[in-house]
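# Just to be clear, the model below is a prediction. Sequence and coordinates:
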Amino acid sequence: MMTKEEVISLKITRDDKNIIIQDIKDFTLSQTLECGQCFRYDKISEEDYIIVAWKRMLHLRQENDTITFYNTSTEEYETIWKNYFDIDRDYGKIKEILKADDENMTKAIATQGGIRILNQEFNETLISFIISQNQQIVRIRQIIAALCEKYGEPLGEYEGKTYYSFPDTDVLANITEEGYRECKAGFRAKYLCEAAKALQSGSVSGELLRQMTREEAQEQLIGLKGVGKKVSDCTLLFGLGFREAFPVDVWVKRIMEELYFGRDVKKELIQEFACEKFGKYGGYAQQYLFAYARENANKKSKT
DNA sequence: TCCCAGGTAGATC
DNA sequence: GATCTACATGGG
């Protein structure tokens, strides 16, 4: 639930086809799409992206504090994109809280403060992060793209390329292990089969899990083969709206060790520390840190 | 060629 | 309980 003080107002206009937000704050499209939380986007130019989410394809462009949502209706914006991009939440306030008395968060937010946490579909998030384990982000995107191309529905095209929806649970549940392997899912194929069947049967669903506490929902997720602490945390954070979740992966482990511990520590200790320090803002803190860690690694590899 | 990747399950100590 | 290892596949 969003509290009233976290809601902000914006100047939103439209011309004949497009929705335009002219004074967006705390939002950098490239950072939000490329920080590893979602996998279904194409960078078309420095300012333009094509994304697919919630069975829609969308062309977006950002110039400074103006964002244009191309070829979309007011209704589609209100029902889909406003929520997807978490538009009504006041990230300025969240960032102030995280930065208070924390040099590390201040540095991370200085370069990565345009990230917003997307509200993604539960099914897609779960399947995507099962695929993500022990894999590089570019590969995750390739595998999910293959899965959608093969089993999703065409949604439209841009410059000759067709974009496909993420497959429905009925379709996912009927894909064989061999089918997932053909999408290059490797050893994760058997996990995907099991998860898809759980989704189709309804034994695991976004509806059910959203009604639970975070601990209960996490327990349900970890009950699936191939879903452990990290994958479940990502699913809770990106697919179910549990913004206190703090996924600890190799990047977050490394950057937390560097910034807060000065030595190698166990994941469990990092988890505990983050829970204590960031509390209900854990998910936001984690995203800023994750992006900051990757940005630093990029710089080093380029020199 | 080698190391590693938004980890996890199962074996072993 | 804590630690070790296999796992598919390809990017750098």
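Nice, I can see it.
# Who are the packing partners of the helix or strand bottoming out on mean pLDDT in chain A?
Lowest mean confidence among the helices and strands of chain A (mean pLDDT, DSSP states H and E): strand A:12-14, at a mean of 88. Packing partners of strand A:12-14 (3 or more CB pairs under 8 Å, 6 or more residues apart in numbering; DSSP states H and E): strand A:19-21. Heads up, the C-betas are built off the backbone N, CA and C, glycines and all.
# name the helices or strands packed onto the next helix or strand after the strand it packs on?
As assigned by DSSP states H and E, the chain's next helix or strand after strand A:19-21 is helix A:29-34. With contacts defined as 3+ CB pairs under 8 Å, 6+ apart, helix A:29-34 has these neighbours: strand A:41-43, strand A:48-53, strand A:56-63.
# again, only using 7 Å
Judged by 3 or more CB pairs under 7 Å, 6 or more residues apart in numbering; DSSP states H and E, helix A:29-34 is in contact with strand A:48-53.
# Given the strand it packs on, what are its sheet partners and their directions?
Using DSSP bridges, the strands paired with strand A:48-53 are strand A:41-43 (antiparallel), strand A:56-63 (antiparallel).
# So which residues make contact with it?
A:29, A:33, A:40-44, A:57-61, A:84, A:120, A:155, A:158, A:163, A:165 (CB atoms under 7 Å, 6 or more residues apart in numbering).
# at 6 Å what do you get?
For strand A:48-53, contacts defined as CB atoms under 6 Å, 6 or more residues apart in numbering pick out A:33, A:40-44, A:58-61, A:84, A:158, A:163.
# follow-up on the earlier one: buried sites along the least confident helix or strand of chain A?
By neighbour count with 16 or more other CB atoms under 10 Å, strand A:12-14 contains the buried residues A:Ile12.
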